[in-house]
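Chemist: Sequence and predicted structure, then a few things I'm wondering about:
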Amino acid sequence: MEYKLTLEKIEHVNHNVLRLVTNKPKGYSFSPGQATELAIDKDTWRDKKRPFTFTSLPEDDRLEFTIKVYPSHDGVTEQIETLKVGDHLIIGEAWGAIQYHGEGTFIAGGAGVTPFISILKDLRRKAELKGNTLFFANHRKKDIIYKNQLETWLGDDLHVVLSKENLNEYKYGHIDKEILQTYNLDISKPVYLCGPPAMMDAVKTDLYELGLSKDLLVTEAA
C-alpha cells in the first residue's frame, strides 16, 4: 500500500539535517522507532525509495521525518533539500525492528539517533523517561541532531561523544567499552543500538565482551 503525502513544512535542524512535516493519511499507524520507505513524487524519483524513520508520535495528526542530507551523494537526500511546501512524497507501510522493550541504554551514531527520537518523545509524554540513558556519537558539536531537546529531556543521562572535535563539555573519541564502563552500563537491561555499520559492529563486540546477553540487544542499521 502506498500513500501520497503533502509537504507542509521543511526546515533545517542543523547544518545538514532537515525536518519534514506532512499530512497524515487517515488510519496510518506506526510504533515509535519504526520507519517507512519514502520516495519523492516527481519524475525519475518515484521509484527511488529510501528508508526514513518517523520522528513524530503515533497519535500526532501530522507525520514528521528527520533526514540527514548528503549533497555529495547526488541522490535522494540531495533532492529532498530542494523540496518546497506543497510538494509531494510517497510512503509505504511502517516497518522496523527498533521498538521499546523497557528502560535501558540507547546507543546512536549520527543519524542513527532518529529511531530513538520518537521513542524518547513517547516516554517523555508518558513521564517514563527516567532510567533511560543515551550515548550519542557525532563527528563535531555542530552535527548533534536535536541537541537542545536531548539535553532538556535527558539531562545527565545524555552522553555525547565527539570523534573529530575535542571540547571540554563532551567526551572525545568513540563509544567503546571504556566509555560504557565509565558510565556504568547496566547489562541487565535492554540496549538499543543504531548507527553506521562499522560503528555498530565495533559497539556490538564491546557490548558482548562486557557481558550483554544477545537477547537484550535491539538493533537496526542506520
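Modeler: Now that the structure is in, tell me what you want to look at.
Chemist: For the residue located most distally from the centre of the chain, give its distance to Gln79.
Modeler: The centre of the chain is farthest from one residue, Asp43, which by C-alpha atoms, centre = their mean lies 28.7 Å away. From Asp43 over to Gln79 the distance is 12 Å, taken as C-beta to C-beta, to the nearest Å. C-beta coordinates here come from the backbone N, C-alpha and C atoms, glycine included.
Chemist: Remind me which helix or strand the residue farthest from the centre of the chain belongs to.
Modeler: Asp43 is located outside every helix and strand, with elements delineated by DSSP states H and E.
Chemist: Need the nearest residue in space to Arg46, chain neighbours excluded.
Modeler: Of all residues beyond its chain neighbours, the one nearest Arg46 is Ala39 (5.4 Å), with distances taken as C-beta to C-beta, 6 or more residues apart in numbering.
Chemist: what about that neighbour, neighbour count?
Modeler: By other C-beta atoms under 10 Å, the residues close to Ala39 number 19.
Chemist: Check which residues of the biggest strand by length in the chain are buried.
Modeler: If you go by DSSP state E, the chain has its longest strand at strand 3-14. For strand 3-14, burial by neighbour count (16 or more other C-beta atoms under 10 Å) applies to Tyr3, Leu5, Leu7, Ile10, Val13, Asn14.
Chemist: Quick one: residues in contact with the helix or strand of the chain with the lowest mean pLDDT.
Modeler: Counting by mean pLDDT, DSSP states H and E, the weakest-scoring helix or strand in the chain turns out to be helix 76-80, with a mean of 90. Contact with helix 76-80 is made by 18, 20, 39-40, 42, 45, 48, 50, 67-71, as judged by C-beta atoms under 8 Å, 6 or more residues apart in numbering.
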